[in-house]
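Colleague: Take a look and give me a structure for this.
(2 chains)
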Amino acid sequence: MSGALVVERLAKRYPGPPEITALSGVDLEVQPGEIFGLLGPNGAGKTTTVGVCTTRVRATSGRVLVEGIDVRVRPAAVKRRIGVVTQQNTLDRSCTLHENLYFHCRFFGFSRGDARARADELLQRLRLSDRAGALPLTLSGGLAQRVQIARAIAHRPHILFLDEPTAGLDPQSRLALWELVAELRRDGLTVLLTTHYMEEADRLSDRVAIIDHGRVLVTGTPAELKRTVGAGTVIQVRLARSDADLLVALRGLPGVREVEEAPGGLRILAQGRDGLLSSLVEAAIPYGLQDVAVAEPTLETVFIKLTGRDLRE
Amino acid sequence: MSEHGRFRGYAAAFWGMVLRDLTVLRRNLAPFVTRTVMNPLLFVFIFTYVLPRIGQSVQTGAAGVTYATILVPGLVAVGMVFQGISAVALPLSLELGATREIEDRVLAPLPVELVAIEKLVFGAAQGILAGAVVFPLVYVVPATEVTVRVASWPLLVSVILLASLTSGALGLALGTIVRPQQIGLMFALVVVPITFLGCVYYPWAMLHPIGWLKLLVLVNPLVYMSEGLRAALTPDLPHMPTLAFLGALTGATLLLGAIGVRAFVRRTIS
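Modeller: Modelled structure (predicted):
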């Protein structure tokens, strides 16, 4: 029960017709200070999970504790501890950027002076001070998303929920947002992030839960999950020439699962690569070693292995 | 957090939302005044200035009372109720529907019921403001004499408070139930009938010859606002018994408020 966020056997059914089961027994435990990625295809139950954690969706059964507080029993207390960025741009269109941040702080009991100072500080941090008086509708998607994050952290919550934060953003805005999230973590914020981009989950998250059809299939660090594929490493070797002796020699190396011919050389599927690479290079040098490329299986590989489907399907 | 601290937190969040609404109102003051003024201004202009001057006066049926006097409480009441709808229902319908702008307030540290009640209360405040804008207009513009006399200040204050709360509650109920794409329909099916059948242009007692209508209009909350203001501002004209309109306005506020708050919670928490 020590997690910043504990989700236990969470189920959510929307009464129909047709009845929809959005979650069927989700368990999660997010540790303080970590970035936790909830990865899954659209409709997997990510947004519903975040909805329950952030008091906006009532669970059918199970429970959620935010820093030990049950979201159903004391929603207002939970809301003080969390910041939420929803998928849709929900900035107040009738208010300027500065007012969006200022009033948010006022909702959380900041005095007039404190709220003003906090809004100034956040706009400065986002390098948006010159747009303080602009209305949200004049912002690009990427900037609007940054302001939404600024608003969500304005009252200094402990846990930040980011629901598909980069969906629909251009690659440059996406990178800028990833940097911002990494920066927030350095400030000590716990982050729960949902995404259907495997690269995003991989790059940002300390740990990832893969979710599908309202169920968590597997949880672990990205590296751990990728290890479950069986072959932890994929090594491509380019050689001037190759023969059967080399294949036999490589197959004998500890950790090597499989060696197969590949265009211009060999492909070696291995489990772990500690020490393997040097012995592999040593064995390959007499055959005119030209290049070695080491790659890991992606989270996408993991998802495909678990569900037989592509993340984007 | 202690019980006391918790309620202080709720109060701070509630006050923050009032401040937000005040800022938006201040920014939109010109449109606010325009939409509040246009309908009553044209109405009194035509019925109490143009018609009398071209010899087409409306008969009041009461000796020594001009039609302009009858219109004063009614038009103030319409001004208030119209404000409840345009200041609460229209923005709320959008915030809950297409834009989801309400989300940041739903995530503020207070029960969501209070977010809805803030809307109601602020709508009521705007209703009072609208009444204050309309009153001098309907008093000054008519070419004929307008006789207004406050019989009892406590009665006037109670009627204004209850009428404004009813307007806010009606706005909340409509704003949470009506989808943005149905707003045009709402005007045709709710706003227009409420106004025309709200005892605005005639005292309720004068409906006597049409018994079924006299009964039917009693479902309309605007009737009690008009009649209440009539009792408070033009006590010499026929009006409903005090207890009847005070009771009905209290009941309407509670009923519409409950419907609105419930619908608001249903729209924000799934």
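
Colleague: how near is B:Tyr67 to A:Gly141?
Modeller: For B:Tyr67, the distance to A:Gly141 under the criterion CB to CB, to the nearest Å works out to 57 Å. C-beta: built from backbone N, CA, C; applies to glycine.

Colleague: ditto for A:Thr298
Modeller: 26 Å.

Colleague: Which residues are in contact with the closest residue to B:Ile259 other than its chain neighbours?
Modeller: The shortest distance from B:Ile259 to any residue that is not its chain neighbour, by CB to CB, 6 or more residues apart in numbering or on different chains, is 4.7 Å, and that residue is B:Ala173. Shown here is B:Ala173, whose contacts under the criterion CB atoms under 8 Å, 6 or more residues apart in numbering or on different chains are B:Leu256, B:Gly257, B:Ile259, B:Gly260, B:Ala263.

Colleague: What confidence value was assigned to whichever residue of chain B sits closest to chain A?
Modeller: Here the residue of chain B nearest chain A is B:Gly16; by CB to the nearest CB that distance is 3.3 Å. At B:Gly16, the pLDDT value in this model is 96.

Colleague: Then A:Leu204?
Modeller: Predicted confidence (pLDDT) at A:Leu204: the value is 91.

Colleague: again, but for A:Arg215
Modeller: At A:Arg215, the predicted lDDT confidence score is 92.

Colleague: buried sites along the worst-scoring helix or strand of chain B on mean pLDDT?
Modeller: Here the helix or strand of chain B ranked lowest by mean pLDDT, DSSP states H and E is helix B:51-53, holding a mean of 81. Buried residues in helix B:51-53, counted by 16 or more other CB atoms under 10 Å in any protein chain shown: B:Leu51, B:Pro52.

Colleague: Now tell me what touches that helix from outside.
Modeller: With contacts defined as CB under 8 Å, 6+ apart, helix B:51-53 is touched by B:Ser57, B:Val58, B:Ala143, B:Thr144.

Colleague: Could you give me the PyMOL syntax to select whichever of those residues are buried?
Modeller: Buried members of the contacts of helix B:51-53 can be picked out in PyMOL with the line below, counting by 16+ other CB under 10 Å:
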select buried, chain B and resi 57+58
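
Colleague: the strands in the stretch 101-250 of chain A, which residues?
Modeller: Secondary structure of the stretch 101-250 of chain A (DSSP state E, counting those that start in this stretch): strands at A:159-163, A:190-195, A:207-212, A:215-220, A:233-239.

Colleague: what is the orientation angle of the lengthiest helix in chain A with strand A:159-163?
Modeller: Taking DSSP state H as the criterion, chain A has its longest helix at helix A:171-186. Going by axes from the mean of the first three to the mean of the last three CA atoms, to 10 degrees, helix A:171-186 is angled at 160 degrees with respect to strand A:159-163.

Colleague: Let's verify the spatially most central residue of chain B: helix, strand, or coil?
Modeller: Residue closest to the mean C-alpha point of chain B, counted by CA atoms, centre = their mean, is B:Val81 at 2.1 Å. Using DSSP: H, G, I helix; E, B strand; the rest coil, the three-state assignment for B:Val81 comes out as helix.

Colleague: what does A:Arg93 give?
Modeller: When the structure is reduced to helix, strand and coil (three-state DSSP), A:Arg93 reads as coil.

Colleague: for it, what are its contacts?
Modeller: Residues near A:Arg93 by CB under 8 Å, 6+ apart: A:Leu135, A:Pro136, A:Leu137, B:Thr99, B:Glu101.

Colleague: Mind checking which of B:Tyr67 and A:Gly141 has more residues around it?
Modeller: Per other CB atoms under 10 Å in any protein chain shown, whichever of B:Tyr67 and A:Gly141 has more neighbours is B:Tyr67, with 21 against 14.

Colleague: tell me which element the nearest residue to the more buried one once chain neighbours are set aside falls in.
Modeller: By the measure of CB to CB, 6+ apart, the closest residue to B:Tyr67 outside its immediate chain neighbours is B:Val58, 4.3 Å from it. With secondary structure defined by DSSP states H and E, B:Val58 is part of neither a helix nor a strand.

Colleague: quick one, phi/psi of B:Val58?
Modeller: Taking degrees, to the nearest 10, you get phi -80, psi 130 for the backbone angles of B:Val58.

Colleague: try A:Phe108
Modeller: In this entry, A:Phe108 is assigned phi and psi values of phi -100, psi 20 (degrees, to the nearest 10).

Colleague: surely it meets B:Pro109?
Modeller: Yes - using CB atoms under 8 Å, A:Phe108 is in contact with B:Pro109, at 6.1 Å.

Colleague: Could you count how many residues lie near B:Arg35?
Modeller: By other CB under 10 Å, the burial measure for B:Arg35, its neighbour count, is 16.

Colleague: hmm, back to that, give me the common contacts of A:Phe108 and B:Pro109.
Modeller: Common neighbours of A:Phe108 and B:Pro109, counting by CB under 8 Å, 6+ apart, are A:Arg80, B:Ala13.

Colleague: Where does the prediction get shaky in the chain?
Modeller: Using chain A. Scanning chain A with the threshold set as pLDDT under 70 gives A:1, A:229-230, A:272-273, A:301, A:305, A:308-313.

Colleague: right idea, wrong chain: chain B
Modeller: Scanning chain B with the threshold set as pLDDT under 70 gives B:1, B:60-63.
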